[in-house]
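Participant: When you get a sec, could you give me coordinates for this:
(one chain, ligands or ions: 1)
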Amino acid sequence: MKLGKYSLGIGDRFAHQGHYQLQAFMETLERGVEITPVWNKSNREHQTVSSSPDSVRKEANDAVKSQGWSNDYFVDADHITLGTVDGFIEASDFFTLDVADKINEPLTRSELELFLSAHHQYFGELKIKGIDETFLVTEDVLSQIAHKFYKATRAACFIYDRIRKCKQGLPFVVEVSMDEVDDPQSPLELYFILMLLSENKVPVDTIAPKFTGRFNKGVDYEGDIIAFEKEFEQDILVINHAIHQFGFSPHLKLSVHTGSDKFSLYPIMHRLIKKYDVGLHLKTAGTSWLEELIGLAESEGSGLAMAKSIYNEALSRFEELTSPYTTVLNIDEQKLPSVEEFRQWSGERFVRALRHDQNDELYNPHFRQLLHTAYKIAHEKGGEYLDELKKNHQIIGFNVKLNIQQRHINPLFLGL
Ligand SMILES: [Zn+2]
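Facilitator: Residues are numbered from 1 along each chain as shown. Next comes the predicted model:
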């Protein structure tokens, strides 16, 4: 059981698209590139749609069986903490340890003194192989890093130990995530985070820092592409350096949580992972749920009526739906279609506004972001929604597979 060099996290709110998602990986394998599928679902998603980690395991196992996938695959306990991990242990073999809430938990004066004296060998100039600039590590720099990340890496250790004890020798993949915060971590900070994780004996397989720029839900990256490129490249070099210096697995790799669809970054990431011949984990979420709406709208029948009723309700519950995601949304309410305008929309018009095709003049990222948060409404519709999924499974499945294949796998892993 091994997480391949390339791996892709796929989310599926309602657990109906697993086999269509897997078909995208199978077609990629036929082209000679293996990508390990990882089905991920966070505690928050489970709570919103009243599902359990067992349902993700079942979906993954069923998809693999029905499609005859004989390679590795994983079920990811996505963004778990010490408080939520227990319910995920049995069903999961990939754990994303979310320690973001422990970042910036300061050390006491004596803890800090102890930390600085134990790490005095790091004071001075730090050179990372492949990076031209030299980092100057002063007492100030190291104190700030300790205040920011010491407790967070301790937290990763506690969660990891908890899983290890419960798993009783069974293997599992370890990801550490710090991406759900406001401030990005610099490559120098990543270096010391890895140092701290190695001191805490957390055998990290993949690490998800917060990158520069905005990673809004379901839409493209907003930020300085050049700054992202430099940071991503330096992060790769820091990881390569840390593998040797701190004794991590030679397969340690970056994980990029995109909240779906950071298309402008894919060519950059593709070029750099090829340049350094390194692996990458990409985590998407919510993509398949939006493809469900696209498929329903394309049906032009009762599926379209369902998709339209979800938007109408989302519009009236805007605050409630968007408030948990304020750091990852950028919706201009003026640009959302009004109820009157929306009433006239055909299925095709709906699809063109929602589908992430930036070349389409009717594409509306505000509409898309709001619907990205609206899966709670589909859940409330219960069997009525699921019946529409079943009725329109072919057209939905076609969209689900095509989206993963053409918009994610091709540009990121195949350079197409
Ligand atoms: Zn994340």
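Participant: sec struct for Trp9, please.
Facilitator: Check again: residue 9 is Gly, not Trp. strand (DSSP: H, G, I helix; E, B strand; the rest coil).
Participant: burial measure for the spatially closest residue to it that is not a sequence neighbour, as a count.
Facilitator: Excluding its sequence neighbours, the residue lying closest to Gly9 (CB to CB, 6 or more residues apart in numbering) is Lys283, at 3.5 Å. In short, each C-beta sits where N, CA and C put it, glycine included. Using other CB atoms under 10 Å, Lys283 has 26 other residues around it.
Participant: try the one 10 residues further on
Facilitator: Other residues within reach of Leu293 by the criterion other CB under 10 Å amount to 28.
Participant: How much space separates the residue lying closest to it once chain neighbours are set aside from the ion?
Facilitator: Of all residues not flanking Leu293 in the chain, Ala307 sits nearest, at 4.9 Å (CB to CB, 6+ apart). Per CB to the ion, to the nearest Å, Ala307 is found 27 Å from the ion.
Participant: Identify the bridge partners of the residue nearest to Gly9.
Facilitator: Gly9, His257 (DSSP bridges).
Participant: How much space separates it from the ion?
Facilitator: According to CB to the ion, Lys283 stands 6 Å off from the ion.
Participant: how much space between that residue and Ile10?
Facilitator: Distance of Lys283 to Ile10, computed by CB to CB, to the nearest Å: 9 Å.
Participant: for the ion, what are the nearby residues on this protein?
Facilitator: Residues of the chain lying near the ion by CB under 5 Å from the ion: 179, 257.
Participant: elements contacting the helix or strand of the chain with the lowest mean pLDDT?
Facilitator: Ranking every helix and strand in the chain by mean pLDDT, DSSP states H and E puts helix 43-49 at the bottom, with a mean of 93. For helix 43-49, the elements it packs on are strand 74-80, helix 375-381, judged by 3 or more CB pairs under 8 Å, 6 or more residues apart in numbering; DSSP states H and E.
Participant: In the chain, mark out all the strands, start to finish.
Facilitator: Secondary structure of the chain, counting by DSSP state E: strands at 6-10, 36-42, 74-80, 94-98, 124-126, 135-137, 173-177, 206-208, 253-257, 280-283.
Participant: deepest of these, which one?
Facilitator: strand 94-98 (a mean of 28; mean count of other CB atoms under 10 Å).
Participant: Need the strands of the chain in CSV (columns: distance to Asn399 and mean pLDDT).
Facilitator: Shown next, in CSV, are these (distance: least, CB to CB, whole Å; pLDDT from 0 to 100):
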stretch, distance to Asn399, mean pLDDT
strand 6-10, 14, 97
strand 36-42, 18, 97
strand 74-80, 23, 97
strand 94-98, 26, 98
strand 124-126, 48, 97
strand 135-137, 46, 97
strand 173-177, 28, 98
strand 206-208, 27, 98
strand 253-257, 23, 96
strand 280-283, 19, 96
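Participant: Format those as CSV; extra columns: distance to Leu265.
Facilitator: Putting the strands of the chain into CSV (distance: least, CB to CB, whole Å) gives the following:
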stretch, distance to Leu265
strand 6-10, 15
strand 36-42, 19
strand 74-80, 20
strand 94-98, 20
strand 124-126, 27
strand 135-137, 24
strand 173-177, 18
strand 206-208, 14
strand 253-257, 8
strand 280-283, 10
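Participant: circling back: generate TSV for the helices and strands packed on helix 43-49, with distance to Val219 as supplementary columns.
Facilitator: TSV is the format used below for the helices and strands packed on helix 43-49 (distance: least, CB to CB, whole Å):
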stretch	distance to Val219
strand 74-80	20
helix 375-381	16
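Participant: I figured the residue nearest to Leu293 was touching Trp289, is that so?
Facilitator: No - between Ala307 and Trp289 there is no contact under CB atoms under 8 Å: 11.4 Å.
Participant: More neighbours: which of those two?
Facilitator: Set Ala307 next to Trp289 and count neighbours by other CB under 10 Å: Ala307 wins out with 27 against 24.
Participant: tally of neighbours for whichever residue of the stretch 101-250 of the chain sits closest to the ion?
Facilitator: The stretch 101-250 of the chain approaches the ion most closely through Asp179 (4.3 Å), counting by CB to the ion. For Asp179, the neighbour count with other CB under 10 Å is 22.
Participant: For it, give me its contacts.
Facilitator: 100, 208-211, 215, 257 (CB atoms under 8 Å, 6 or more residues apart in numbering).
Participant: how close does the closest residue to Ile236 other than its chain neighbours sit to Ile243?
Facilitator: Residue nearest to Ile236 in three dimensions, not counting chain neighbours: Tyr276, with 5.2 Å by CB to CB, 6+ apart. Remark: distance between Tyr276 and Ile243 (CB to CB) = 12 Å.
Participant: which of those two has more neighbours?
Facilitator: The neighbour comparison of Tyr276 against Ile243 (other CB under 10 Å) goes to Ile243, with 17 against 14.
Participant: what does the model give that one for pLDDT?
Facilitator: For Ile243, the model assigns a pLDDT of 97.
Participant: Can you tell me how far it is from Leu126?
Facilitator: 16 Å.
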